[in-house]
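Novice: Prediction below, plus the sequence it came from.
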Amino acid sequence: MAKTKSKSELEKLKGYAQILYTKEHLSQKEIAERTDISEKTIGKWVADGNWDKYKKNFVLTRQEMMGDLLNEVTEINKAIKDRPEGLRFADSKTADVRRKLILDIKQLETSASKPEAISACAALLEFVRKVSLAKAQELAPFVDGYIKSIL
């Protein structure tokens, strides 16, 4: 009999399934096998979460997002420096926006290791799959186990 998964475990598996769907472009059946979640549930997650949109628009890398955030902070700081002397400070609205951008940058810096690890694992599996499908199928459970352990 299958072990019932906690809400937390399901959320982690859902996130992993989304990565497999959007980045590795696996079928729902393959994802179901790799996550031990029913194909019907995977299909519901894909539809409810509109994962096809993410599959098509998964273009911003962490570095690109970081660059955009840093550019925004730079732009705010430049606008403040360009003000007349005596007015070169952030008003409450600008300070709030800058503070939020800095928090987003910090969060992106600290949360980056897991997605990068998952991306590297996906790339490794894809490389092995091109060389030997049998070896990739042999390696996949180990990669899945590793990814589940870091989630």
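Specialist: Arrived safely, thanks for sending. Because the structure is predicted, anything quoted here is derived from the model rather than measured. Numbers count the residues shown, from 1 in each chain.

Novice: which residues are contacting stretch 16-24?
Specialist: Where contact means CB atoms under 8 Å, 6 or more residues apart in numbering, the residues beyond stretch 16-24 that reach it are 26, 28, 30-31, 34-35, 37, 42, 45-46, 49, 51, 54-55, 58, 115, 118-119, 122, 125-126, 147-148, 151. (C-beta placed from N, C-alpha, C; glycine too.)

Novice: for stretch 69-84, same thing?
Specialist: Residues contacting stretch 69-84 (CB under 8 Å, 6+ apart): Arg88, Phe89, Ala90, Thr94, Val97, Arg98, Leu101, Ile102, Asp104, Ile105, Leu108.

Novice: tell me how far the helix or strand hosting Ile147 is from the chain's mean position?
Specialist: Assigned by DSSP states H and E, Ile147 belongs to helix 133-150. Offset of helix 133-150 from its chain centre (CA atoms, centre = their mean, to the nearest Å): 19 Å.

Novice: got it, and stretch 86-93?
Specialist: Using CA atoms, centre = their mean, the offset of stretch 86-93 from its chain centre is 35 Å.

Novice: Stretch 66-79 too?
Specialist: For stretch 66-79, the distance to the chain centre is 23 Å (CA atoms, centre = their mean).

Novice: Now do the buried residues in that stretch.
Specialist: Met66, Leu69, Glu72, Ile76 (16 or more other CB atoms under 10 Å).

Novice: Look up how far Ala117 lies from the second one.
Specialist: With distances defined as CB to CB, to the nearest Å, the gap from Leu69 to Ala117 amounts to 22 Å.

Novice: least confident pick among the contacts of stretch 69-84?
Specialist: Ranked by pLDDT, the contacts of stretch 69-84 bottom out at Leu108 (77).

Novice: I'd assumed Asp68 was in contact with that residue.
Specialist: No: the pair Leu108 / Asp68 is not scored as a contact, 10.2 Å apart, by CB atoms under 8 Å.

Novice: how about the nearest residue to Arg88, chain neighbours excluded?
Specialist: Nearest in space to Arg88, with sequence neighbours left out and distances taken as CB to CB, 6 or more residues apart in numbering, is Ile80 at 5.7 Å.
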